[in-house]
Structure formats: structure tokens, C-alpha cells
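Undergrad: Provided below for reference: sequence and predicted model.
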Amino acid sequence: MPNATDISRFQRWLQAELAETANIEDSNERDRRRLQIEIAIAEAIRFGELIERLGDSVAAPFVARESPTRVASQHEVAPTPKEEGKCPACGAVMSQDIEFCPVCGEF
């Protein structure tokens, strides 16, 4: 099954990344990164087992795309001027020292 080889390649890559965590000097950051990768490996194993059980009844999890799913914008995002300390999008009261709305996240 082609899906299994893609998943096993991904799992091997994660295992290589796990080995690389030995190079992280900060013990807290090293432990945090190891935990992230170990969780990802466990999910890859679980997903691989699920794909194997379901067989050909599911679509391939990894597909090649002709173009990226998101196109990176080349223009810079600029804040919209605020009037009277209110968000121009939702109308929430905003502090003058921040450039985005803490309620809706609009600039």
C-alpha cells in the first residue's frame, strides 16, 4: 500500500528529529520539543494502523499539489486607523497603545 510507505517515511523523519533534540542546550526546551515529537510519532503510528485497517476505502493522506494551498502575500499588513479608541471592525473599546483588537484580532 503506497500510503503506508509515506506514513513510515514521515515516522522515520520524526524519529530523526527526536534524535536531534539531544543538541538542544536548554533542558526545558529540549523536554518540550521531545514531548511534541513523541506525541507526533504516536499519532503517526495510530494513523498508520487506521489506514491499514481501512485499506483502500480512504484517500491517500499525502498528495502532490500543483501549486501551494496558500499563496504568500507580497504586500505588508498595516493597521487601520482607530477612531476614539474603538475597533473599526467590531466596535470594541481598544487601548491606544496596541494596534490590534483584543476581541476580534483585527488590525
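TA: That came through fine.
Undergrad: Does the longest helix along the chain pack against any helices or strands, and if so which?
TA: As assigned by DSSP state H, the longest helix anywhere in the chain is helix 27-54. Here helix 27-54 touches helix 2-20, going by 3 or more Cβ pairs under 8 Å, 6 or more residues apart in numbering; DSSP states H and E. (Each C-beta comes from the backbone N, C-alpha and C, glycine too.)
Undergrad: The helix it packs on to helix 27-54, inter-axis angle?
TA: Inter-element angle recorded for helix 2-20 and helix 27-54: 170 degrees (by axes from the mean of the first three to the mean of the last three Cα atoms, to 10 degrees).
Undergrad: and helix 2-20, what does it pack onto?
TA: helix 27-54.
Undergrad: Any buried residues in the helix it packs on, and which?
TA: Within helix 27-54, the residues scored as buried using 16 or more other Cβ atoms under 10 Å are 33, 37, 40-41, 44, 48, 51.
Undergrad: so how far is the longest helix of the chain from its chain's centroid?
TA: 14 Å (Cα atoms, centre = their mean, to the nearest Å).
Undergrad: Pop the domain breakdown of this protein in here.
TA: 2-57, 80-107 (automatic domain parsing).
Undergrad: ok, now how distant is residue 63 from residue 6?
TA: Distance from residue 63 to residue 6, counting by Cβ to Cβ, to the nearest Å: 10 Å.
Undergrad: More neighbours: which of those two?
TA: Taking neighbours as other Cβ atoms under 10 Å, residue 63 and residue 6 compare with residue 6 leading, 16 against 7.
Undergrad: per-residue pLDDT, the more buried one?
TA: For residue 6, the model assigns a pLDDT of 81.
Undergrad: ok, now how distant is it from residue 29?
TA: 30 Å.
Undergrad: Contact partners for the residue lying closest to residue 33 once chain neighbours are set aside?
TA: Counting by Cβ to Cβ, 6 or more residues apart in numbering, residue 21 is the residue found nearest to residue 33 once chain neighbours are left out, at 5.0 Å. Taking Cβ atoms under 8 Å, 6 or more residues apart in numbering, we find residue 21 in contact with 30, 33-34, 37.
Undergrad: Thanks a lot, see you next time.
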